[in-house]
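> coords below, sequence missing:
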């Protein structure tokens, strides 16, 4: 008797937990952008939205280094949604260029970039957990 009531309580408790569709546990919480990365993200936002709509898990890897200097995703690296080449081990440390985002975080990041005033010199970090859950 005790076991069955314990199982029923556990099932009810699991039903009250947020589903994976409501929260992305593997998505990046902080995104650091240079001017070029911000341009790449905003210029290719529609491509990202299409990929997110088609993604079975509802999240997508975004490679901001996949754009050329003009922010175009058609460069030789493969575009916004492809993994870029790793730099040689002896190069200077660079900011992260590959992020995992879901649709709500991507929309929020787009809005944060649009609302950002000032330069991205050398980069700006956006705390998506704080900024996107505030509203």
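Yes, it's here. Note that this is a predicted model, so its numbers are computed, not measured.

> What is the least confident helix or strand in this structure?
Lowest on mean pLDDT, DSSP states H and E among the helices and strands of the chain sits helix 2-15, with a mean of 41.

> where are the low-confidence patches of the protein?
Residue ranges of the chain with pLDDT under 70: 1-22, 68-93, 134-135.

> the helices in this structure, which residues?
Taking DSSP state H, the helices of the chain run over residues 2-15, 35-43, 45-54, 103-115, 128-132.

> tally of neighbours for residue 109?
Residue 109 is flanked by 25 other residues according to other Cβ atoms under 10 Å. (Glycine included, C-beta is placed from N, CA and C.)

> Correct me if wrong: it contacts residue 101.
Yes: contact criterion Cβ atoms under 8 Å: residue 109 and residue 101 qualify, at 6.9 Å.

> shared neighbours of the two, anything?
Residues touching both residue 109 and residue 101 by Cβ atoms under 8 Å, 6 or more residues apart in numbering: residue 31.

> mind listing what residue 100 touches?
24, 26-28, 59-62.

> Which one of these is nearest to residue 53?
residue 60 (9.6 Å; Cβ to Cβ).

> surely the closest one meets residue 50?
No: under the criterion of Cβ under 8 Å, residue 60 is not in contact with residue 50, lying 9.7 Å apart.

> who's more crowded, the two?
residue 60 (23 against 12).

> Name whatever forms a beta bridge with the closest residue to residue 28 other than its chain neighbours.
Distances taken as Cβ to Cβ, 6 or more residues apart in numbering place residue 99 nearest to residue 28, at 4.4 Å, with adjacent residues excluded. Applying DSSP bridges to residue 99 gives these bridge partners: residue 62.

> number of nearby residues for residue 99?
For residue 99, the neighbour count with other Cβ under 10 Å is 23.

> Touching, it and residue 64? I think so.
Yes: assessed by Cβ under 8 Å, residue 99 is found in contact with residue 64 at 7.3 Å.
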